[in-house]
Structures are given as structure tokens and as C-alpha cells.
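Enquirer: Could you look at this predicted model? Sequence included:
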Amino acid sequence: MALAALFITACTTKTESLIRRPVIAHDSHSYANPELVRVRHLNLDLNIVFEQQSIQGTAVLSIEQYGHDAKQLILDSKALQIDETEVSADGVKYREARFSIGASDRTLGAPLRIDIAPDTKFVKIRYSSDPTATALQWLAPEQTADKQHPFLYTQSQAIHARSWIPLQDSPGIRVTFEARIHVPAGMKAVMGATAMNNCGNPDDCRFVMEQPIPPYLIALAVGDLAFHSTGPRTGVWAEPSVVGKAAAEFSDMEKMLEAAEKLYGPYRWNRYDVLVMPPSFPFGGMENPMLTFATPTVIAGDKSLVSLIAHEMAHSWSGNLVTNATWSDFWLNEGYTVYIERRILEELYGKRRAEMEAALGYQELQDELKSNPAPDQILHVDLTGRDPDDGATQIPYEKGALFLGQIEAAFGRPRFDTYLKDYFDHFAFQSITTAQSMAYMKSHLFDAKPKEPKAGEPPVALRKVDVSRLGVDEWISQPGLPATAILPVSDAFQAVDLAAAEWLKNQKIKTSQINISQWSTQEWLHFLHSLPQTLSPANMHRLDAEWHFTETGNDEILSQWLLMAVRNRYEPAWPALETFLETVGRRKYVKPLYDALDRKHAIAIYDKARPMYHPITQNTIDALLAAKK
Ligand code: BES
Ligand code: ZN
């Protein structure tokens with residue numbers, strides 16, 4: 001969509017919001033009918049049944065109707081078994097209501113239609129989830145760190161909440177919720193919400209989320225979990241053997257929170273805790289409110305991978321407070337978050353570190369631009385008819401962050417900081433479209449007039465910016481990067497480039513200015529990345545003999561090294577490769593490895609590893625191997 005058209009859509013939205021019926025951006029990934037009836041609150045009472053790999057219980061939905069034409073509440077559902085539906089006008093007296101389930105789509109699931117009356121305010125659904133639920137991973141004790149108890153966790157983003165709760169599963173439809181969770185003895189439930197008790201009695205774990213959140217942020221985990229505080233508002237949950245290490249690794253969280261608040265205004269979610277997941281977690285991190293879910297692969301022992309925590313924490317502003325209205329607007333979540341993540345890193349660890357992270361991100365962006373067709377290279381991407389998880393490439397992340405970096409450079413950091421803080425205040429607890437966000441940027445930044453000076457104060461001079469030269473339309477709706485993009489540079493990496501060139505020439509690095517023993521993880525990552533894709537067997541051996549990559553405890557470095565090992569058939573690394581693929585389910589690591597392996601070797605490893613992976617990773621690798629010749 002051209003920028004002019006985006007602005008027009010935004011204006012329409014504004015006038016319509018004057019009438020009572022809320023304006024909700026059309027979301028092609030939901031069956032819901034929010035223009036007629038909307039879910040505002042959920043009351044969940046759920047049993048966690050490990051033996052059946054099923055969540056069973058009731059959801060009471062508080063609904064709001066607009067006019068009298070609704071007749072049906074249409075919910076999203078995916079592989080849910082619905083036992084009974086009831087409706088009520090007062091939340092006390094219920095009567096049975098008819099329901100039907102429509103045709104099921106592989107990605108979207110099926111619409112669940114429940115008959116309602118004009119006076120219906122509550123809808124109660126008795127249901128259970130299926131073992132194939134795409135949001136859920138049920139782990140046997142052997143698949144956990146401590147191997148004593150089973151483990152369950154949810155991953156609702158993008159549209160998997162519907163596989164464990166019947167609801168209007170669109171990021172534009174925010175809900176509050178309360179939940180009572182029943183877990184087996186010896187286990188604990190945690191949710192991205194405020195815990196109302198310490199879950200000491202497994203039959204009485206209660207949670208409340210008072211802030212309206214999009215459904216993709218509803219999260220639950222059940223396991224043998226321990227807690228370790230890292231500050232007044234922050235802490236870590238993990239299996240008992242992991243929690244101490246995790247708390248040490250993430251001991252800067254409190255400072256990160258303070259840095260983010262100083263820049264972008266108050267943290268509005270009470271606590272910020274992190275739950276360290278079993279290694280099969282398909283993502284690096286997931287910004288569930290109050291309780292980020294994080295892969296254990298970021299525990300490197302030296303805090304070198306904590307940018308992930310900065311990232312998920314940044315979502316407390318960009319994403320959780322101000323949310324993408326549809327999955328086409330995903331860059332509003334991730335692009336803003338990557339920009340903020342690097343600002344937090346800069347505050348805590350300095351400019352040099354932030355520049356290295358940006359340069360690594362830019363490398364990933366270049367690779368991603370090469371492997372994605374033009375329509376997927378634009379920020380406001382069209383995902384109609386597709387799985388929104390397919391939109392999660394590096395493009396919304398890194399191209400989005402570069403775009404904001406360019407706006408920052410044009411207007412100056414102080415002004416852009418003030419702008420962003422106002423933006424989060426203005427849209428707090430709302431879900432917005434690309435059009436709305438750009439309309440706000442136009443009125444509050446591009447066209448902003450200097451504020452009237454107070455009596456006695458000198459007038460504030462605003463820097464004149466030629467907005468037409470920013471190529472805003474190009475950023476949002478054109479593939480690739482605009483010619484005007486400001487590309488990240490890192491002085492630290494220039495030294496690494498020299499070292500890599502020298503090593504390739506002499507298999508040694510002896511330049512006195514280069515102190516390899518002081519290199520950080522980021523420098524090692526860049527070093528590996530800057531070597532040619534094809535290396536001789538002798539060179540692979542030399543690299544490993546000198547720096548022991550095969551034995552590194554840093555999974556980010558290991559995954560990159562293993563990729564080089566596969567590409568160059570470096571067999572000494574294969575046992576490590578197999579162990580890695582059989583324990584780690586993080587999609588970003590395992591996908592490129594299976595992709596690089598030849599079909600026979602890939603299938604041999606995958607046969608053993610598949611049961612350990614989350615359905616999201618299984619789907620990705622199933623598809624990859626099916627397409628592989
Ligand atoms: N919200 C995302 C994870 C996500 C995106 C889940 C789309 C499902 C669909 C999270 O904030 C994220 O971006 N995680 C990254 C790590 C981050 C440091 C870039 C990841 O998991 O790799
Ligand atoms: Zn993110």
C-alpha cells in the first residue's frame with residue numbers, strides 16, 4: 001500500500017472510533033466477528049492432564065455486543081474438542097446454547113460458532129485440547145534438565161492460542177483474564193500474569209492479568225520450577241538445577257529495566273521475570289507479559305548473549321503495550337523492539353557492543369534479503385492465505401530497526417526519544433496498524449511544530465528535516481533497502497576482518513594490534529561469518545585445533561561452527577552436531593543445519609531428534625526435508 005493510502009486508512013479509523021462500535025482492523029488470520037461482538041475477559045479453569053497430553057476445563061468469556069445483529073459469537077479454535085457451550089446474561093444463571101464447528105483449515109483451524117441472545121454477556125465453554133495442539137509441548141521427564149518431572153509449556157504467537165483456548169485469536173482483540181490451574185502434585189504452574197498465590201497447593205494456582213493483552217501473549221508453563229530473585233522487580237524461574245546459573249547470567253535485568261524506563265516511560269507490567277525453558281523451546285525468546293520465556297541456549301556463562309533478554313524486555317513497550325493489529329504489521333512489534341534492544345545494550349554495555357550487534361543483525365538481514373522474494377521484503381507485508389509464522393524473517397526485525405535508526409539520525413536522538421516515549425503513552429494498551437503508526441509519526445514528528453515556549457524561555461529551534469529524502473514510502477512498501485539507508489558499521493569488526501584476512505593468508509594471526517584473547521562472542525561470530533563458505537579440510541582442522549570451536553559452550557558460536565562443519569564435511573564435529581540437534585530445538589539453529597545436511601544424513605539425525613522438538617520446529621523441518629532432493 002502506498003503511503004498516501006496508508007494515511008487515508010488511518011484517518012478513517014479516527015472518525016469511526018467516535019462511535020461506540022470499536023474499529024478493529026480486518027485480520028485475515030481470524031474467523032472472529034469483532035465488529036458485532038467482542039470478547040473482553042476470560043475466566044479459565046483448567047486441568048493439566050499429562051497422561052492424556054490434554055488441557056481440560058472451562059473458559060468463561062465475557063462478551064460485549066454492538067447492536068442486536070450478532071446472533072452468533074464466532075471464535076477461533078484449532079483441534080479443540082468442544083463438549084458443551086452455555087450462555088448467561090448475569091454470569092450466574094446459564095442455559096445451554098447451540099454451537100457448530102465449521103470446516104477446518106490447516107493453519108487457521110476452524111470457526112466455532114455459538115448461538116447467543118441479545119442479552120448474552122457470558123459464554124461458558126467446556127472443552128479439551130488435543131495432543132496435536134500446535135501451541136503445546138508436552139515433555140517427558142527425560143526431555144527436561146532435571147529429568148524428574150514432565151513439563152508443559154505454551155507458545156501462542158502467532159495464532160496458536162486457539163489450539164488451547166477457544167477465543168477471538170487476533171492481536172487486535174485485547175482481553176484481560178483470570179485463571180485457575182490444576183496441576184499434578186510436585187509441580188508448579190506459572191503464567192504470564194500476576195500470581196495470586198505461590199501455587200503451593202497444586203489444586204489452587206491462581207493468576208490474574210489486569211491489563212488488556214492480545215491473545216498471542218497468553219502463556220502457561222507447568223513443571224518442577226524454582227525461583228531466584230535478581231532484584232526488586234525481576235527474577236528467574238527454571239528447573240532447580242538451572243535456576244542459579246540462569247540468575248547469574250541475567251543479573252543485569254534490573255538495570256536493563258531501569259534503562260528502558262528512563263528512555264521510554266514507566267514499565268507497566270509490575271514484575272519482569274524470565275522462565276528458562278527446556279532446550280527444545282523453538283524460539284530464542286518469547287515476550288510473554290511479566291514472564292519472558294527464554295531458551296537455555298543463551299546461558300553462555302559470560303552474559304554475552306543477554307541481548308535476547310534486552311529484546312524480550314523491550315517488547316514490554318513495543319509489542320505488549322503497543323501491539324501490531326494484524327500480522328502484516330508485525331514489523332511494528334519486532335522492528336521497534338530491535339531498535340530499543342540495541343538502545344538498552346548501549347546504555348548498559350556501551351556503544352561498541354551495540355554497534356557490533358547492529359552489524360551482526362545487518363549481516364543476517366543481507367542473507368535474508370537474498371533468500372526472500374520481493375513481496376516478502378517489504379515491511380507492511382501481505383500474509384493473506386499464509387501462515388503468519390512465515391512472516392517472521394529477519395526483515396521485519398532488522399529492516400524495521402534500520403528504518404527507525406534513519407529517522408533517529410534525521411531528527412536527532414533527543415527528539416526521537418521524546419517522540420517514542422509519547423508514542424507509547426498515546427497508544428498504550430492498543431493494537432495499531434502500520435497506517436496508524438505512520439499517521440502518528442507524520443503528525444507528531446514529520447509535521448511537528450516547535451512547542452510554544454513558556455514565558456521567559458527562549459523558543460525551541462527544531463532541526464529542519466527534508467522528510468521526502470527519508471524515503472518513508474520506500475521503507476514501508478518497497479523491497480530491499482532504500483539507497484538512503486544508513487548501514488551499521490563497527491570499528492571492532494574492522495579489526496576482526498583484518499584478522500580473518502591474515503589468518504586465511506598465513507593460518508596465523510600475529511598482528512600486535514589484534515588481541516584475540518580479548519575477543520567477545522560478537523567478535524568470534526563475525527570472525528566465523530567473515531571466513532569463506534568453503535574451507536579446505538586442513539583449514540577446518542587448524543581452526544578447531546587453535547580455538548576448539550567444536551567444544552565451545554556458547555551455542556550461538558557452536559551453531560555457526562557446526563554449519564561450517566556440515567558445509568565443509570568436517571567429520572570430527574559430527575558427534576557434536578548430532579548431540580546438538582538431538583537436544584536443542586531452537587528453530588533458528590536447527591533449520592539451517594538440516595538445510596545444509598545432505599538428505600540421508602539429515603533424515604538419520606531427524607528420526608532420532610524429531611520427538612524432542614516442539615510442533616512448530618517439527619512443522620518447519622518436516623517441510624524442509626519434504627522439499628529436499
Ligand atoms: N516474539 C518473538 C518470537 C516469535 C515471533 C514467536 C513470531 C512466534 C512468531 C520474539 O520476541 C523474538 O523475536 N525472538 C527472537 C529472539 C530475538 C533476540 C531476536 C528469537 O526467538 O529468535
Ligand atoms: Zn521479538
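Expert: That came through, no problem. Residues are numbered from 1 along each chain as shown. Ligands and ions are numbered 1, 2, ... in the order given.

Enquirer: Please enumerate the helices of the stretch 501-629 of the chain.
Expert: For the stretch 501-629 of the chain, the helices defined by DSSP state H, counting those that start in this stretch cover 521-530, 537-547, 555-567, 574-583, 587-596, 599-609, 615-626.

Enquirer: Identify whichever of those lies nearest to Gly385.
Expert: helix 615-626 (16.3 Å; CB to CB). Using the backbone N, CA and C atoms, a C-beta is placed for each residue, glycine as well.

Enquirer: tell me which residues in the closest one are buried?
Expert: Buried positions in helix 615-626, judged by neighbour count with 16 or more other CB atoms under 10 Å: Pro615, Ile616, Thr617, Gln618, Asn619, Thr620, Ile621, Leu624, Leu625.

Enquirer: So which bits of this protein are right by ligand 1?
Expert: For the chain, the contact set with ligand 1 under CB under 6 Å from any ligand atom comprises 157-158, 283-287, 308, 311-312, 315, 334, 389, 392, 588.

Enquirer: From those residues, keep the buried residues only.
Expert: Neighbour counting over the residues of the chain next to ligand 1 (16+ other CB under 10 Å) leaves 157-158, 283-287, 308, 311-312, 315, 334, 389, 392, 588 as the buried ones.

Enquirer: before we move on, the earlier item: point out the ones among the residues of the chain next to ligand 1 that are inside helices.
Expert: If you go by DSSP state H, these have Leu308, His311, Glu312, Glu334, Lys588 in helices.

Enquirer: residues in contact with the fourth one?
Expert: The neighbours of Glu334, taking CB atoms under 8 Å, 6 or more residues apart in numbering as the test, are Gly319, Ala392, Pro396, Tyr397, Gly400.

Enquirer: What of Met209?
Expert: Met209 neighbours (CB under 8 Å, 6+ apart): Thr176, Phe177, Glu178, Met191, Gly192, Ala193, Thr194, Ile218, Pro289.

Enquirer: Dump the residues you listed to CSV, plus pLDDT, neighbour count and distance to Arg233.
Expert: Output for the contacts of Met209, formatted as CSV (pLDDT from 0 to 100; neighbours: other CB atoms under 10 Å; distance: CB to CB, whole Å):
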residue, pLDDT, neighbour count, distance to Arg233
Thr176, 98, 16, 21
Phe177, 99, 24, 22
Glu178, 98, 18, 22
Met191, 98, 27, 17
Gly192, 98, 26, 15
Ala193, 98, 27, 15
Thr194, 98, 17, 12
Ile218, 99, 27, 22
Pro289, 98, 26, 14
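
Enquirer: Export the residues you listed to a markdown table and append columns for distance to ligand 2 and secondary structure.
Expert: Converted to a markdown table, those look like this (distance: CB to the ion, whole Å; DSSP: H, G, I helix; E, B strand; the rest coil):
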| residue | distance to ligand 2 | secondary structure |
| --- | --- | --- |
| Thr176 | 23 | strand |
| Phe177 | 22 | strand |
| Glu178 | 27 | strand |
| Met191 | 20 | strand |
| Gly192 | 15 | coil |
| Ala193 | 20 | coil |
| Thr194 | 23 | strand |
| Ile218 | 17 | coil |
| Pro289 | 13 | coil |
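
Enquirer: Extract the residue ranges of the stretch 1-150 of the chain that are flagged as low pLDDT.
Expert: Judged by pLDDT under 70, the stretch 1-150 of the chain has its weakly predicted residues at 1-20.

Enquirer: roughly how far apart are the residue of the stretch 51-200 of the chain found nearest ligand 1 and Met286?
Expert: Nearest residue of the stretch 51-200 of the chain to ligand 1 (CB to the nearest ligand atom) works out as Gln157 at 3.8 Å. Distance, Gln157 to Met286, using CB to CB, to the nearest Å: 6 Å.

Enquirer: returning to what we had before: distance to ligand 2 and mean pLDDT added to the helices of the stretch 501-629 of the chain, as TSV?
Expert: TSV is the format used below for the helices of the stretch 501-629 of the chain (distance: least, CB to the ion, whole Å; pLDDT from 0 to 100):
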stretch	distance to ligand 2	mean pLDDT
helix 521-530	19	97
helix 537-547	31	97
helix 555-567	16	98
helix 574-583	24	98
helix 587-596	12	97
helix 599-609	26	98
helix 615-626	15	94
